[in-house]
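Participant: no letters, just coordinates:
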Ligand SMILES: Nc1ncnc2c1ncn2[C@@H]1O[C@H](COP(=O)(O)OP(=O)(O)OP(=O)(O)O)[C@@H](O)[C@H]1O
Ligand SMILES: [Zn+2]
Ligand SMILES: [Zn+2]
């Protein structure tokens, strides 16, 4: 038998199927969708079996070396999906398939340089020889890290045949094991107890424990339960009363938590209206994409939960995507409380091993629901009954590296394959989605009121320019300060929101205006108070805080801006009695920290929750009656056509945290541009007005949803080269596309240099260009050689979500 394999060598020339023969001893095992190890040139690489055939036209076909899986890791459906992904995201096949699997299943290679024969060591160039004097094999990384200059010598020695490059494939999969003990023979326990006599009282206690609980138990647990010691257990093992063995367990990040079971709530009239058509599709096994436009607190999550129940009742599975969910433990909890151990959770806060174990539960069918971030859209279920994307407008659903896919598009593919509904939910849908719903491509379901007549919070917008004029230099307006004081006296809770993006602390000279920038990237450095260092967020460069200005030597160099730390200090100054919980990247770095802080806040251990993006959504605490936004416009001026949309969405989300239950809520938004529609319309909770307004702007500027856009970005260490290539690409695009397509550029990218590489780009705006994919592939093909040499980079992003 012959198999066709996609190999793990992501370059243009190898992005096709290769034939391999299956040796007889592997014939009974091999299946489509399995990972294999195959020889490829001088090395061994991992690959996926895509198809099989009886014969091959090629001569000298090599043999499959090894099979890595017992059951296929990719189903037929996922194999097809990979094909679609390769095409629509313009990426290599191997990249598409690897994106679908947990990191633990991706191959890891170790390259080693091996001395072929110790007797020939003198043939090696002298500088190299010391490396092999006491060993035959040297890890390639050792050379690469510190001795890049040895490369030519190594190459020569390899061509002379004294050294050899060997690739070792390592399967990263590890199954967690624990040591347990159990009685060697249960029936004998009482006899053994008697035989022990009076001296071994401690050992007797352990035997008595096993008479009561005769099953295997982890050693640590036994020590605790039987109040015994390791020594006692060891003695019993030596006497052959107990045996020790290792068993495989699955790592469960939520193992030590108990979840109260909740029952479905009786739905409100509004919720019933919305869930009917979804039920209908589930019952009739039909595909449809729904958009639930539901204001904050309208009860969308309850609809998700009850739709999933219905699907589970049909013996089918559900995928729920939420934006980076380690950030919303409350959300996970709501699913675990309803479906218990039928829920797997996948998010970036888990270790590689934990992620793999969650993935296995999905793969072997022991869970029915997965709640996860973007990549959970590839969950290897085999009978999907519903896919839900909560907060569908979030930019994190677009992957910003290869394969550059949008989870929504992948979800549509999968839902139509399984003939099941896809639900997009949001209080502030993306313009693209809402426009499609209006056109009838998606079915629109609206819930414009909160559950149980709870009213939306009142929103007050404060003009900070006026505050300054009236002499208030603090970061809190009078209105916000008064309301915070009021909540403190009433024992109610407040949320203070600070937008991290575009609002970090930078260092500026007060005399000449010089701003400290990264020497490798065109971006200002950020001051970190805890380490007192200046750091670049793009390349990791760091330096000490300067004492004098490097431009004019003035000593008046200070850090500006207002990070969360600074806000916290200010609160302690002006509201000394307030207890504050600060939530930002610094305070939530430790595993579980996020959840701990939120639990503390929920238990009333703080008056104010101060934080960045991570507190904007998902929180549902009854005692929050005030939300303050410190600088609403920090995001508005980013060079991105979605800046207004993002501002409106974020402000609406944070506002939605206030007054969700019995107590009414208030919101204070501080801004320097109160007249801007994306801020003003938050006050009126008027998504539809915002939609119309923003659509007219997009129409005027030929942006999505009226036009699609694609960005071709070129980067290279030499600026002349970048400009030259980008210009060529620009004119090639103009030549090749229809005259209805608009090609802009070349222009420097918004961040014109990152890690010493200059960045230029062309933007294509188009409505209907059937040849576009082919044209873009041709660009890739043209620069293939230079790209493979690793200096030039050409990245193609269709429907970009982060412009930089
Ligand atoms: N049918 C119902 N009966 C009683 N309470 C309900 C019902 N549906 C939802 N709730 C409660 O109303 C509150 C808001 O609901 P939920 O969190 O589902 O809204 P949401 O639309 O998902 O909110 P957001 O988008 O702001 O996170 C929750 O506390 C929830 O328990
Ligand atoms: Zn940098
Ligand atoms: Zn200066």
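Facilitator: Yep, it's here. The structure presented is a predicted model; accordingly, all values stated were derived computationally and were not measured. Numbering: from 1, shown residues only. Ligands and ions are numbered 1, 2, ... in the order given.
Participant: pretty sure residue 697 is touching residue 643, no?
Facilitator: No: Residue 697 sits out of contact with residue 643 when judged by C-beta atoms under 8 Å, with a separation of 10.8 Å. C-beta here means a position set from N, CA and C on the backbone, and glycine is covered the same way.
Participant: where is the longest strand in the protein?
Facilitator: Scanning the chain for the longest strand, with DSSP state E as the assignment, gives strand 742-754.
Participant: tell me the buried residues in it?
Facilitator: Buried residues in strand 742-754, counting neighbours by 16 or more other C-beta atoms under 10 Å, are found at 743, 745-746, 748-749, 752-754.
Participant: who's more crowded, residue 697 and residue 643?
Facilitator: The residue with more neighbours, out of residue 697 and residue 643, is residue 643; 17 against 14, by other C-beta atoms under 10 Å.
Participant: contacting residues around that one?
Facilitator: Neighbouring residues of residue 643 by C-beta atoms under 8 Å, 6 or more residues apart in numbering: 635-637.
Participant: from those residues, list the buried ones, please.
Facilitator: Among the contacts of residue 643, the ones that count as buried by 16+ other C-beta under 10 Å are 635-636.
Participant: redo the contacts of residue 643 as JSON lines? Include secondary structure and pLDDT.
Facilitator: Shown next, in JSON lines, are the contacts of residue 643 (DSSP: H, G, I helix; E, B strand; the rest coil; pLDDT from 0 to 100):
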{"residue": "635", "secondary structure": "helix", "pLDDT": "76"}
{"residue": "636", "secondary structure": "coil", "pLDDT": "77"}
{"residue": "637", "secondary structure": "coil", "pLDDT": "72"}
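Participant: stretch 446-463 near ligand 1 at all?
Facilitator: Yes: Stretch 446-463 reaches ligand 1 (C-beta under 6 Å from any ligand atom) through 451-452.
Participant: and for residue 610, the neighbour number?
Facilitator: With other C-beta under 10 Å as criterion, residue 610 counts 25.
Participant: over to the one 4 residues further on?
Facilitator: Residue 614 sits with 20 neighbouring residues when counted by other C-beta under 10 Å.
Participant: for it, give me its contacts.
Facilitator: Going by C-beta under 8 Å, 6+ apart, residue 614 touches 327, 583-584, 588, 594.
Participant: determine which two of these are furthest apart.
Facilitator: 327 and 584 (11.7 Å; C-beta to C-beta).
Participant: so between the two, which is more surrounded?
Facilitator: Neighbour comparison, residue 327 and residue 584: the larger count goes to residue 327, with 24 against 20 (by other C-beta under 10 Å).
Participant: spell out which parts of the stretch 351-500 of the chain neighbour ligand 1.
Facilitator: Residues of the stretch 351-500 of the chain lying near ligand 1 by C-beta under 6 Å from any ligand atom: 427, 451-452.
Participant: among those residues, who's most crowded?
Facilitator: Top of those by neighbour count (other C-beta under 10 Å): residue 427, with 24 neighbours.
Participant: what about the residue lying closest to that one once chain neighbours are set aside, how many residues nearby?
Facilitator: Spatial nearest neighbour of residue 427, excluding adjacent residues (C-beta to C-beta, 6 or more residues apart in numbering): residue 296 at 4.8 Å. Residues within reach of residue 296, counting by other C-beta under 10 Å, total 22.
Participant: go on, residue 666?
Facilitator: A count of neighbours around residue 666, defined by other C-beta under 10 Å, yields 20.
Participant: what of residue 290?
Facilitator: Each residue near residue 290 was counted by other C-beta under 10 Å, and the total is 21.
Participant: and if you look at residue 485?
Facilitator: A count of neighbours around residue 485, defined by other C-beta under 10 Å, yields 14.
Participant: my read: it touches residue 575, true?
Facilitator: Yes: contact status for residue 485 versus residue 575: in contact at 6.9 Å, counting by C-beta under 8 Å.
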